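>>> Here you go, sequence then predicted model.
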Amino acid sequence: MKKILPILLIAFLFFNVASCEKDDICVAGDTPLLVIGFFDINDTTQSKDVPALRIKEVILDSNINTIADRTSSLDSIGIPLRIDAASTQFAFITNSADDDTTGDETGNIDTLTISYNMREAFVSRACGFVANYDEIDVILPASASNWIQDITIVQQTIENSNNIHVKIFH
């Protein structure tokens with residue numbers, strides 16, 4: 001009996017360890033980006049590239065890293081929204097360039113405030129939670145020098161980055 005007990009104990013431990021779940025791998029656990037499409041103000045069905053586009057997050061005073069800086073061949077972009085605030089401000093700069101003498105920005109700057117309600121959504125044990133956004137609103141202060149002529153919100157909820165959420169007409 002003394003010889004059987006250790007064998008049973010080892011067999012029990014082996015089967016107990018072997019039945020543990022393997023590590024999960026997170027495949028779809030990213031917080032979605034706000035997708036903005038750029039369209040022609042004269043023909044609202046036609047996409048339109050923005051020349052030398054630069055986008056800066058105002059509070060952090062940093063260029064967003066989801067697009068190449070000062071690119072000219074984009075008719076849509078994905079930008080991250082803050083999860084620690086109810087709004088995010090972005091400076092959308094067209095024809096962005098640096099002044100040769102001062103290094104200051106010389107492009108046409110429009111500052112958009114995007115407000116929202118952030119909602120956490122559980123994805124899986126491996127991925128944890130992601131932020132989704134509800135009740136999207138975009139505010140552009142009126143100015144005669146705005147290069148952005150109109151804004152339309154296509155989807156009020158951001159749960160993925162597959163479709164355009166906001167249309168900007170210029």
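All right, it came through fine.

>>> all strands for this structure, in order.
Secondary structure of the chain (DSSP state E): strands at 34-39, 54-57, 62-63, 76-79, 87-94, 108-124, 128-139, 150-153, 166-169.

>>> Direction included, what does the third one pair up with?
Read that as strand 62-63. Counting by DSSP bridges, the strands paired with strand 62-63 are strand 54-57 (antiparallel).

>>> can you list contacts of the strand it pairs with?
62-64, 67, 69-70, 77, 79, 82, 88-93, 96, 105, 107 (Cβ atoms under 8 Å, 6 or more residues apart in numbering). C-beta coordinates here come from the backbone N, C-alpha and C atoms, glycine included.

>>> what comes up buried for it?
54-57 (16 or more other Cβ atoms under 10 Å).

>>> Determine which two of those are furthest apart.
The distance between the two most remote of those (Cβ to Cβ) is 11.4 Å, for Arg54 and Glu57.

>>> How confident was the prediction at Pro6?
Listed pLDDT for Pro6 reads 62.

>>> picking up where we left off before, of the contacts of strand 54-57, buried ones?
In the contacts of strand 54-57, burial by neighbour count holds for 63-64, 67, 70, 77, 79, 82, 88-93, 96, 107, counting by 16+ other Cβ under 10 Å.

>>> What does the pLDDT read for Lys22?
Value for Lys22, per-residue pLDDT: 54.

>>> Just want the most central residue of this structure.
Among the residues of the chain, the one closest to the centroid is Leu33, at 2.1 Å (Cα atoms, centre = their mean).

>>> Thanks again, I'm all set now.
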